[in-house]
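>>> any chance you could fold what I've pasted below:
(one chain, ligands or ions: 1)
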Amino acid sequence: MDHLNPTQRKTLQRLLHERDEAARAEIRAKAAERAEAPYAELAGGVTDEADEAAADLIVDVDNAMIGMDLAEVREITAALERMKNHSYGLCAGCGEPIAYARLHAYPVATRCTRCQSVHERTFASGPHSTL
Ligand SMILES: [Zn+2]
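This is a model prediction of the structure:
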């Protein structure tokens with residue numbers, strides 16, 4: 001981890017812990033909301049199909065958002081683990097140090113900007129046209 005000075009390392013560690021706490025707090029808040037508004041209540045306790053569909057959608061969106069928070073917690077845990085074993089901040093693609101500015105903006109980054117864009121081009125999926 002020679003490419004990061006102690007101050008930079010400390011700053012990134014703090015950022016990771018802050019993000020970790022924020023993501024965990026969000027998961028807790030959403031789980032609490034869920035407990036207060038179970039599916040039957042979201043659906044209004046009636047069998048109207050439109051209400052049911054709306055309740056389904058709310059549950060789906062909730063699950064997706066909790067899934068994103070959980071994924072973030074996992075990424076942060078992995079980043080803190082890399083800090084411990086001194087592989088943090090090294091690109092998983094080329095092995096070169098990742099720029100501090102990039103780590104500061106995105107502390108869980110595992111690739112340098114160059115490798116990340118290659119990775120995204122290679123594994124791009126979704127609304128990118130190939131025409
Ligand atoms: Zn790289």
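
>>> next structured bit after the helix or strand of the chain with the lowest mean pLDDT?
Least confident element among the helices and strands of the chain, by mean pLDDT, DSSP states H and E: helix 39-42 (a mean of 59). Of the helices and strands lying after helix 39-42 in sequence (DSSP states H and E), the nearest is helix 49-84.

>>> which parts of that following helix count as buried, going by neighbours?
In terms of neighbour count (16 or more other CB atoms under 10 Å), helix 49-84 has its buried residues at 55, 59, 62, 69, 72, 73, 75, 76, 79, 80, 82, 83. Where C-beta positions appear, they are placed from N, C-alpha and C, glycine not excepted.

>>> what is that helix packed up against?
Applying 3 or more CB pairs under 8 Å, 6 or more residues apart in numbering; DSSP states H and E, we find helix 49-84 packed against helix 6-36, helix 39-42.

>>> quick one: which of the ones you listed is nearest the ion?
helix 6-36 (17.7 Å; CB to the ion).

>>> just the buried residues of that closest one, please?
Neighbour-count burial for helix 6-36, with 16+ other CB under 10 Å as criterion, is recorded at 9, 11, 12, 15, 16, 19, 20, 23, 26, 27, 34.

>>> who are the contact partners of the fifth one?
Read it as residue 16. Taking CB atoms under 8 Å, 6 or more residues apart in numbering, we find residue 16 in contact with 76, 79, 80, 83, 107, 108.

>>> please repeat the previous calculation with a cut-off of 6 Å.
The contact partners of residue 16, taken as CB atoms under 6 Å, 6 or more residues apart in numbering, are 76, 79, 80, 107.
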